[in-house]
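S.K.: take this sequence and fold it.
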Amino acid sequence: MTDARPSYVHGTHPEEQRRLEDMNALINAHSLAALAPVPGERLIDFGSGLGQFARAVARVTGAPALGIERSDAQRARAVALAEAAGETALAEFRAGEATAPPLSASESGSFDIAHARFLLEHVPDPLAVVRAMAAAIKPGGRVVIEDDDHGMFRPWPEPPGVMIVWHAYVRTYDRLGNDPYVGRRLVQLLAQAGLSPTRSTLLPFGASSGDPAFVPFVRNLADVFRGARAPILGSGGVTEDEFELALRSLAEYEHRRDAALWYTASWAEARKP
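M.R.: Numbering: from 1, shown residues only. Coordinates of the predicted model:
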């Protein structure tokens, strides 16, 4: 059987958790608007991470969300963030694999929405995850997946050294048996799981100079590189000097008046017959 467990190149150390918290603040509004949940809908979030998005959905629906997360560190931080916000009633976070969520017989097939974001790029068998998501929802329910196609990234003007490191970073995915371009496959995966695709779109995951989000996005990219430093350098495609040049370039890039990061996250959804 194919191992579909996540292989997360970034790790779950405190610095990575802080990066993820900041990234959620940058992109959750876009994801929530695209999802457009309605009151009463119950969400199950696969690979729920720090739980910020699950809580955001529950605030809209009024129904507690369920997050499935295999990382003990991520679940612990999700609970801590919910407690700090006074929102522990909005979401439950359970330990489990995305391919076999720990659901009771009465829970399986009962959810209105199954959602996963930036999860399929970290698993060798994304179809197994989508099939598990389909099994979790009721007939007529929605499976919604958001994920990366790392071929969509274009900084311009191109900061020196950054794309060399970016391409080495992308190689860290396929070296683990994962697909860094899975975003372009989302509709196909939904159909292969027996679902009826209904919509696909692209969500902005970048900004230009002058946008308040520009500097945070640039810093997020630098933190992505730092967090994956060992596997990037281990790819053999980047030297230490090239890696440091890319970080210096990004530190300068955030001050350019003519700069932009062009990037999008792929979004697709389907209904269960």
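S.K.: can you tell me what sits against stretch 186-198?
M.R.: Residues external to stretch 186-198 that are found in contact with it (CB atoms under 8 Å, 6 or more residues apart in numbering): 120, 126-127, 130-131, 133-134, 142-143, 145, 147, 182, 200, 266-273. Just so you know, the C-beta spots here come from the backbone N, C-alpha and C atoms, and that holds for glycine as well.
S.K.: can you show me the helices along this structure?
M.R.: With DSSP state H applied, the chain shows helices at 14-35, 52-61, 72-85, 126-136, 162-174, 186-192, 214-227, 229-234, 240-253, listed in chain order.
S.K.: now the fifth one: how far from the chain's centre is it?
M.R.: Here helix 162-174 shows a centroid-to-chain-centroid distance of 17 Å under the convention CA atoms, centre = their mean, to the nearest Å.
S.K.: what is that helix packed up against?
M.R.: helix 214-227, helix 229-234, helix 240-253 (3 or more CB pairs under 8 Å, 6 or more residues apart in numbering; DSSP states H and E).
S.K.: try the shortest one
M.R.: On a contact count with 3+ CB pairs under 8 Å, 6+ apart, helix 229-234 meets helix 162-174, helix 240-253.
S.K.: for these, state which one has the densest average packing.
M.R.: Among the helices and strands packed on helix 229-234, ranked by average contacts under mean count of other CB atoms under 10 Å, first place goes to helix 162-174 (a mean of 19).
S.K.: need the CA coordinates for that one. PDB is fine.
M.R.: What follows is the C-alpha trace of helix 162-174 in PDB, where atoms were taken according to Å, rounded to 0.1, in the frame of the first residue of the first chain:
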ATOM      1  CA  VAL A 162      16.200  33.800  -5.300                       C
ATOM      2  CA  MET A 163      15.000  31.600  -8.100                       C
ATOM      3  CA  ILE A 164      18.000  29.300  -7.800                       C
ATOM      4  CA  VAL A 165      17.100  28.600  -4.200                       C
ATOM      5  CA  TRP A 166      13.400  28.400  -5.100                       C
ATOM      6  CA  HIS A 167      14.100  25.600  -7.700                       C
ATOM      7  CA  ALA A 168      16.200  23.700  -5.100                       C
ATOM      8  CA  TYR A 169      13.400  24.100  -2.600                       C
ATOM      9  CA  VAL A 170      10.900  22.700  -5.100                       C
ATOM     10  CA  ARG A 171      13.200  19.700  -5.500                       C
ATOM     11  CA  THR A 172      12.900  18.900  -1.800                       C
ATOM     12  CA  TYR A 173       9.300  17.900  -2.500                       C
ATOM     13  CA  ASP A 174       9.900  15.300  -5.200                       C
END
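S.K.: between the helices and strands packed on helix 229-234, which gets nearest to Ala85?
M.R.: Between Ala85 and those, the shortest separation by CB to CB is 30.9 Å, and it involves helix 240-253.
S.K.: got the angle between the closest one and helix 214-227?
M.R.: Between the direction of helix 240-253 and that of helix 214-227, the angle (axes from the mean of the first three to the mean of the last three CA atoms, to 10 degrees) works out to 170 degrees.
S.K.: could you dump the helices and strands packed on helix 162-174 to TSV with mean pLDDT and distance to Ala85?
M.R.: Conversion of the helices and strands packed on helix 162-174 to TSV gives the following (pLDDT from 0 to 100; distance: least, CB to CB, whole Å):
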stretch	mean pLDDT	distance to Ala85
helix 214-227	95	20
helix 229-234	94	32
helix 240-253	98	31
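S.K.: the ones you listed: which one's closest to Glu16?
M.R.: Using CB to CB as the criterion, the shortest distance between Glu16 and the helices and strands packed on helix 162-174 is 5.1 Å, found for helix 214-227.
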